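Participant: Using only what follows, build the 3D model:
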Amino acid sequence: MRGFRHLLVAAMGLVPLASQASPSPTPVFCAFDFLGASGDLFGMVRDYALAMQRHGVELQLRAFNDEAAAVTAYQQGRCDAVMATAFRTRAFNAAAASIDSLGATTVVRNGKVDVPATYEVFRKLVQTYAAPSPAVTRLMVSGQHEVAGIIPVGAAYPFVNDRRLNTVESLASKRIAAFDYDPAQAAMIQRIGGRPVAADIGTFHHLFNRGAVDMMAAPTMAYKPLELERGLGTKGGIVRFPLMIVSYQLVLNRSRFPPDFGHQSRAYWVTQFDRARQLIHRADASVPPQTWVDIDAAEAVRYTQLLRDARIDLARQGLYDQRGLKVLKRIRCHVHAGDPDCATRSEEVWE
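Facilitator: Residues are numbered from 1 along each chain as shown. Purely as a prediction, here's the structure:
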């Protein structure tokens, strides 16, 4: 891990630390889970609250099944910490949210996605961001906000209502759900000639299930709770190519917590990585085998290059954080040094 810490010091532009304020009693922690207090994520949040008591911090937990409401409550000061997808938390820390950039963690070997290696990129990144380093702390802090934990909720696969929608050309003019608060999604869809349809995390599955969009992207953890088999119907499928790994990120108001709490919190969530992977594996196994749509090796390589080019372009437009992508590139190449992209300086030197 020392190498990664040095990487951060050398590669990152450092942001100033927010001033510390004395913490007040019983901070309120608001967490988004599709299933509210009965969901697996909120179960992990409960265990986290118990663990943080050992660091002298009591938390009052609130479950939300509406992500926008949870984030708004945090923005308005009714919550002192919030856990939500990186699509929403990007507004508080773009560098940490880079982990959800298109294809940023995906490893392809010999024309096939190496799923274990893809998750290993994610693991190494959250380990790096949990290191007890001033450089890491400065990267995780933006104003009064600090990213205090990151966990995966699964690879986002394309869900299509027609199994023939498995090439870039086949998606031209097709309606594709895009979160209206993540402009990178609409930009990517337009790049391939598709038609973005505005949605949010509370509505995108409804659009798909009733046929208002031809494609959406989601982790398999959403398959059963959101009844996505309805949108797939008899002709659809899930394309076995991850566009990204979706993460949940914990963001807190630093003035409400002890000075070193952010690092302690990040270190805790690193220990929960394998638990999250077990939940993802269980969700993957819940998908009927015949639902998956495999693509050939040449198409997998082509998708990877397309996502890389889009990622670079979106970073130049300011929609992705260049510092975060730089760290991801180096970790990705540490996991898979044989990737041809590792012989280039793309995502390391920006114009």
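
Participant: Let me know the distance separating T105 from R240.
Facilitator: 16 Å (C-beta to C-beta, to the nearest Å). Heads up, the C-betas are built off the backbone N, CA and C, glycines and all.

Participant: So if I had to pick from the two, which one is more boxed in?
Facilitator: T105 (27 against 19; other C-beta atoms under 10 Å).

Participant: How about the more buried one, nearest residue that isn't a chain neighbour?
Facilitator: V121 (4.3 Å; C-beta to C-beta, 6 or more residues apart in numbering).

Participant: quick one: that neighbour and G103 touch, right?
Facilitator: No. Using C-beta atoms under 8 Å, V121 and G103 do not qualify as a contacting pair, with a distance of 10.8 Å.

Participant: Give me the common contacts of these two.
Facilitator: Common contact partners of V121 and G103 (C-beta atoms under 8 Å, 6 or more residues apart in numbering): none.

Participant: Check which helices and strands the helix or strand hosting H206 sits against.
Facilitator: Using DSSP states H and E, H206 maps to helix 204-209. Judged by 3 or more C-beta pairs under 8 Å, 6 or more residues apart in numbering; DSSP states H and E, helix 204-209 is in contact with strand 175-179, strand 215-218, helix 229-232.

Participant: Recalculate using a threshold of 7 Å.
Facilitator: Packed against helix 204-209 by the contact rule (3 or more C-beta pairs under 7 Å, 6 or more residues apart in numbering; DSSP states H and E) you find strand 175-179, helix 229-232.

Participant: most packed of those?
Facilitator: Highest mean neighbour count among the helices and strands packed on helix 204-209 (mean count of other C-beta atoms under 10 Å): strand 175-179, with a mean of 24.

Participant: Return the set of buried residues in the very next helix or strand once past that strand.
Facilitator: Heading C-terminal from strand 175-179, the first helix or strand you meet, by DSSP H and E, is helix 183-191. Neighbour-count burial for helix 183-191 flags A184, Q185, A186, A187, M188, I189 (criterion: 16 or more other C-beta atoms under 10 Å).

Participant: would TSV of those residues with distance to A285 be doable?
Facilitator: As requested, the buried residues of helix 183-191 are exported to TSV (distance: C-beta to C-beta, whole Å):
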residue	distance to A285
A184	30
Q185	28
A186	32
A187	34
M188	29
I189	30
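
Participant: Now do the end-to-end distance for stretch 106-119.
Facilitator: 8 Å (C-alpha to C-alpha, to the nearest Å).

Participant: Contacts for it next, please.
Facilitator: 105, 121, 152, 241-242, 245, 277, 297-298, 300-301, 304, 332, 335-336 (C-beta atoms under 7 Å, 6 or more residues apart in numbering).

Participant: So which of those residues are in helices?
Facilitator: Secondary structure assignment by DSSP state H places V121, R277, A297, A298, A300, V301, T304, R332, V335 of the contacts of stretch 106-119 in helices.

Participant: Of those, which is the most crowded?
Facilitator: Of the ones in helices among the contacts of stretch 106-119, with other C-beta under 10 Å as the count, R332 tops at 26 neighbours.

Participant: That one touches V121, doesn't it?
Facilitator: Yes. Counting by C-beta atoms under 7 Å, R332 does reach V121; the two are 5.2 Å apart.

Participant: quick one: contacts for V213?
Facilitator: Contacts of V213 (C-beta under 7 Å, 6+ apart): R175, I176, A177, V197, L207.

Participant: What strands line up against the helix or strand hosting the fourth one, and which way round?
Facilitator: It stands for V197. Take DSSP H and E as the rule and V197 turns out to sit in strand 195-199. Within its sheet, and counting by DSSP bridges, strand 195-199 is paired with strand 175-179 (parallel).

Participant: the inter-axis angle of the strand it pairs with versus helix 183-191?
Facilitator: If you take axes from the mean of the first three to the mean of the last three C-alpha atoms, to 10 degrees, strand 175-179 sits at 160 degrees to helix 183-191.

Participant: who's in contact with strand 175-179?
Facilitator: By C-beta under 7 Å, 6+ apart, strand 175-179 touches 87, 185-186, 189, 194-201, 204, 207-208, 213-216.

Participant: Check stretch 275-284 too.
Facilitator: D40, M44, Y119, I151, P152, G154, P219, T220, M221, Y223.

Participant: May I see the buried residues of that stretch?
Facilitator: Buried residues in stretch 275-284, counted by 16+ other C-beta under 10 Å: A276, R277, L279, I280, A283, D284.

Participant: Tell me how far the helix or strand where the third one lies lies from the chain's centre.
Facilitator: When you say that, I think you mean L279. Taking DSSP H and E as the definition, L279 sits inside helix 273-285. The chain centre lies 15 Å from the centre of helix 273-285; the measure is C-alpha atoms, centre = their mean, to the nearest Å.
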